[in-house]
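Trainee: Turn this into a model:
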Amino acid sequence: MNSAFFSKVSEEKYRAILAELNQLDGRAGFIFNQYSECGTAGRLYFSSENGQKIDAIRMDIERRFESSEIDQDFYILLLATLLKAVDKVANTASVYCAYLKTVKTTATKNLQLLAVKRTELSHPDYPEMMRGLGTYSCSTIEYKRFQSK
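Mentor: Below you'll find the predicted structure:
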């Protein structure tokens, strides 16, 4: 998920595909069947509409990746975007170990993919810089901090 925030995918292409994914009709699949209110498992993690929308988007992202329409960087970015959107419409109390007994208001909103804010590394040799810092134990750092006071 973290690598999605450093994606090099062009903003224009990213937003264009998000618009296409947001227009998809729902499609019953794994999430719908196992985690939505009308699915075969009878769980209430998502509304039926959102469960189908999640499946449709997930399947489309996978199709695009398998057909080489998108590269791995773009694939990870789209999956991270979907995960963030799914969290906003989940019928949970912020933890996925259990769902609520009735569908809460935010879970009835339509799933909408929104572009994640990405960032750039400010130094091109950042990984190399980090290797040069070495490692320190917490006790050493704490000791030095208290000594300087």
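Trainee: Which parts of this protein are helices?
Mentor: 11-22, 30-35, 48-66, 72-88, 105-108, 126-133, 138-147 (DSSP state H).
Trainee: For residue 47, see how far away the closest residue to residue 33 other than its chain neighbours is.
Mentor: Distances taken as C-beta to C-beta, 6 or more residues apart in numbering place residue 39 nearest to residue 33, at 4.3 Å, with adjacent residues excluded. Every C-beta, even on glycine, is put in place using the N, C-alpha and C of the backbone. For residue 39, the distance to residue 47 (C-beta to C-beta, to the nearest Å) stands at 11 Å.
Trainee: got it, and residue 97?
Mentor: The gap separating residue 97 from residue 47 is 20 Å, by C-beta to C-beta.
Trainee: Any regions of this structure where pLDDT drops low?
Mentor: 1-6, 119-149 (pLDDT under 70).
Trainee: thinking again about what came up before, I figured the residue nearest to residue 33 hits residue 32, correct?
Mentor: Yes: contact status for residue 39 versus residue 32: in contact at 5.2 Å, counting by C-beta atoms under 8 Å.
Trainee: tell me, what's touching those two both at once?
Mentor: Residues touching both residue 39 and residue 32 (C-beta atoms under 8 Å, 6 or more residues apart in numbering): 48, 51.
Trainee: Between the two, tell me which one has more neighbours.
Mentor: residue 32 (25 against 21; other C-beta atoms under 10 Å).
Trainee: With the flanking residues excluded, which residue is spatially nearest to that one?
Mentor: residue 51 (3.8 Å).
Trainee: Based on its surroundings, how many neighbours for the one you found?
Mentor: That count, for residue 51 with other C-beta under 10 Å as the rule, works out to 29.
Trainee: State the distance from it to residue 118.
Mentor: 28 Å.
Trainee: Any buried residues in stretch 34-50, and which?
Mentor: By neighbour count on 16 or more other C-beta atoms under 10 Å, the buried set for stretch 34-50 is 35-37, 39, 43-47, 49-50.
Trainee: scratch that, stretch 108-120
Mentor: In terms of neighbour count (16+ other C-beta under 10 Å), stretch 108-120 has its buried residues at 111, 113, 116.
Trainee: Quick one: residues contacting residue 97.
Mentor: For residue 97, no contacting residues are found, by C-beta under 8 Å, 6+ apart.
Trainee: likewise residue 56?
Mentor: Contacts for residue 56 (C-beta under 8 Å, 6+ apart) come out as 24-27, 29.
Trainee: Sweet, I'm off.
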